[in-house]
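Colleague: Let me see the structure of the following:
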Amino acid sequence: MILELICGNLTQNIKTMPTTQSAKKALRQNRKKRTWNESQKRALRVIIKKFRKNSNVEDLSLVYKKLDKAAKNNLIKKNKAARLKSRLTHLL
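Modeller: A predicted model of the protein is given here:
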């Protein structure tokens, strides 16, 4: 009985690979988009951290540009971009 419970739990955690051609393509697209989104979010975090260390007006326009672009591409939500811009402006 214990063996059946263990085997039952293991089969629930195994994920199957897609079998149809469209599902395979969707998986490829999702992986590609996920890696791109992760790299863009990481780059955005780095720019914000750099600005927080050395805050000056020239870098503020670059941060604004990156935040607006991220919000436009649905990388972050529009309100989050506005909130970050407001908080970063107060650092000056």
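
Colleague: could you measure residue 86 against residue 63, distance?
Modeller: Look at residue 86 and residue 63: by Cβ to Cβ, to the nearest Å, they are 12 Å apart. Just so you know, the C-beta spots here come from the backbone N, C-alpha and C atoms, and that holds for glycine as well.

Colleague: Ok, residue 57 next?
Modeller: Taking Cβ to Cβ as the measure, residue 57 falls 11 Å from residue 63.

Colleague: neighbour-wise, which of the two wins?
Modeller: A direct count of neighbours by other Cβ atoms under 10 Å for residue 57 and residue 63 places residue 63 higher, at 20 against 7.

Colleague: and the more buried one, what helix or strand is that in?
Modeller: If you go by DSSP states H and E, residue 63 is part of helix 57-72.

Colleague: Which elements pack onto that helix?
Modeller: Applying 3 or more Cβ pairs under 8 Å, 6 or more residues apart in numbering; DSSP states H and E, we find helix 57-72 packed against helix 21-53, helix 78-89.

Colleague: export these to JSON lines and tack on distance to residue 71, mean neighbour count and mean pLDDT?
Modeller: Shown next, in JSON lines, are the helices and strands packed on helix 57-72 (distance: least, Cβ to Cβ, whole Å; neighbours: other Cβ atoms under 10 Å; pLDDT from 0 to 100):
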{"stretch": "helix 21-53", "distance to residue 71": "10", "mean neighbour count": "12", "mean pLDDT": "95"}
{"stretch": "helix 78-89", "distance to residue 71": "4", "mean neighbour count": "14", "mean pLDDT": "96"}
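
Colleague: Out of the ones you listed, the one nearest residue 70 is which?
Modeller: Ranking the helices and strands packed on helix 57-72 by proximity to residue 70 (Cβ to Cβ) places helix 21-53 first, at 5.6 Å.
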